[in-house]
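Visitor: generate a structure from the sequence data that follows.
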Amino acid sequence: MVRVAREANAEAIAEGRLEIRQASAEAIPFPDDTFTCATMHAVLGFLADPVAVLAEIRRVLAPGGRLMVLGSDPEPRGTPGAPEPMASRLRFYGTDELRKLGRRAGFADARVERRAVEQAAREVGVPAEDLALFAGPGPEFLLARKA
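Guide: The predicted model follows:
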């Protein structure tokens, strides 16, 4: 994923607008209060200690910094969105569990919302035959803000 990110963002990297680093999620190599926002996608269900990772993200967020995490909703388990055998290796979190992860990591303002993603899928060029995977009310996201 690091290689793909570097290839996809080569221009921004060359212009000095973006830096991509590979590191442990439990030990992010940046000082406290560095970033205004952070996002995590397709990772949460694989984490051994999601609270530690979310707390580390909170540490590097500046006051007022925002976090958006694509949840690990149990609903798509066993579908093309979370197929086997991968699904058996994931930890799935319901709405209340997801919100509690954010609060246990120190985010006082942590909530869970569903966000429709079909339009975004269209905009990034998901093939028409696969758009049904992105239809409906959308997946759950943990939205949090550092006080």
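
Visitor: for the chain, which strand is longest?
Guide: Taking DSSP state E as the criterion, the chain has its longest strand at strand 61-70.

Visitor: alpha carbons of that one, as CSV, please.
Guide: Presented in CSV, the C-alpha positions along strand 61-70 are these (Å, rounded to 0.1, in the frame of the first residue of the first chain):
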residue,chain,number,x,y,z
LEU,A,61,-3.7,15.1,16.4
ALA,A,62,-3.6,18.8,17.3
PRO,A,63,-6.4,20.2,19.6
GLY,A,64,-9.6,20.2,17.6
GLY,A,65,-8.1,17.6,15.2
ARG,A,66,-10.5,15.2,13.6
LEU,A,67,-10.5,11.5,13.0
MET,A,68,-12.5,9.5,10.5
VAL,A,69,-12.3,5.7,10.7
LEU,A,70,-14.2,3.3,8.4
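
Visitor: quick one: the strands in this protein, in order.
Guide: Under DSSP E, the chain gives strands at 35-40, 61-70, 109-114, 140-145.

Visitor: and those, which is most packed in?
Guide: strand 140-145 (a mean of 22; mean count of other Cβ atoms under 10 Å). Quick note: C-beta positions are derived from backbone N, CA and C, even for glycine.

Visitor: show me what contacts Ala132?
Guide: Listed by Cβ atoms under 8 Å, 6 or more residues apart in numbering, the contact set of Ala132 is empty.

Visitor: grab the nearest non-local neighbour of the most centrally placed residue in the chain.
Guide: Nearest residue to the geometric centre of the chain (Cα atoms, centre = their mean): Met40, 2.1 Å. Nearest non-adjacent residue to Met40, counting by Cβ to Cβ, 6 or more residues apart in numbering: Val69, 4.5 Å away.
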